[in-house]
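*Asks:* pasting a predicted model and its sequence here:
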Amino acid sequence: MRVDTLSYNYQMNVNIKKVHEVIFKEQEQYFHSNGFLGEAFIEGAEITRTMPSKLGTTNIPASIQLSKLSENEIELTTTYIKGGIVQRYVLNELSYSKTQVIYSEKNVFHQLRNQYSFFFLAVAYKFFYNRGIKKRMAYLESQCNEKAGDVQ
């Protein structure tokens with residue numbers, strides 16, 4: 001993995017189709033709750049909103065686009081004045097009831113100075129990133145199990 005990309009692997013005890021469905025629905029709900037007015041949530045769907053910076057000290061205008069949607073991958077691209085972030089969920093079927101989810105964030109900056117600052121801070125940020133993503137993955141897995149219970 002590249003230095004500008006943070007990644008986290010998580011194994012879920014859930015079928016790959018259910019994992020994809022839950023991640024897709026979570027992203028669709030996020031878009032709709034932030035002003036997405038399109039009928040279909042498909043590649044190219046986009047919203048514009050104000051988001052907190054990585055350090056949470058300021059709010060910045062940003063655009064978020066569903067840039068890739070396939071059976072095994074969901075990718076979102078966020079662009080803002082200083083650069084962008086590509087968030088990617090890659091799903092790998094380990095068995096019928098086990099799925100490996102690889103979540104990654106690639107940070108791109110327009111100015112080299114910002115890129116170097118990120119490299120320097122990424123070591124410390126990685127700890128908080130892992131902790132937050134682990135909670136997010138556990139939440140998604142619980143949603144999968146909750147939805148599976150609804151079907152039965």
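*Replies:* Great, that's in hand. Numbering: from 1, shown residues only.

*Asks:* what residues of stretch 133-142 count as buried?
*Replies:* Residues 133, 137, 140, 141 are the ones in stretch 133-142 that count as buried (16 or more other Cβ atoms under 10 Å). C-beta: built from backbone N, CA, C; applies to glycine.

*Asks:* SS state for the second one?
*Replies:* I take that to be residue 137. Per DSSP: H, G, I helix; E, B strand; the rest coil, the local secondary structure of residue 137 is helix.

*Asks:* ok, so what distance separates it from residue 89?
*Replies:* Per Cβ to Cβ, to the nearest Å, residue 137 is found 10 Å from residue 89.

*Asks:* who touches both of those two?
*Replies:* Residues touching both residue 137 and residue 89 (Cβ atoms under 8 Å, 6 or more residues apart in numbering) are 101, 103.

*Asks:* now do the same contact list for the most centrally placed residue in the chain.
*Replies:* Nearest to the mean C-alpha position of the chain, by Cα atoms, centre = their mean, lies residue 87 at 4.4 Å. Shown in contact with residue 87 (Cβ under 8 Å, 6+ apart): 75, 76, 77, 78, 103, 104, 105.
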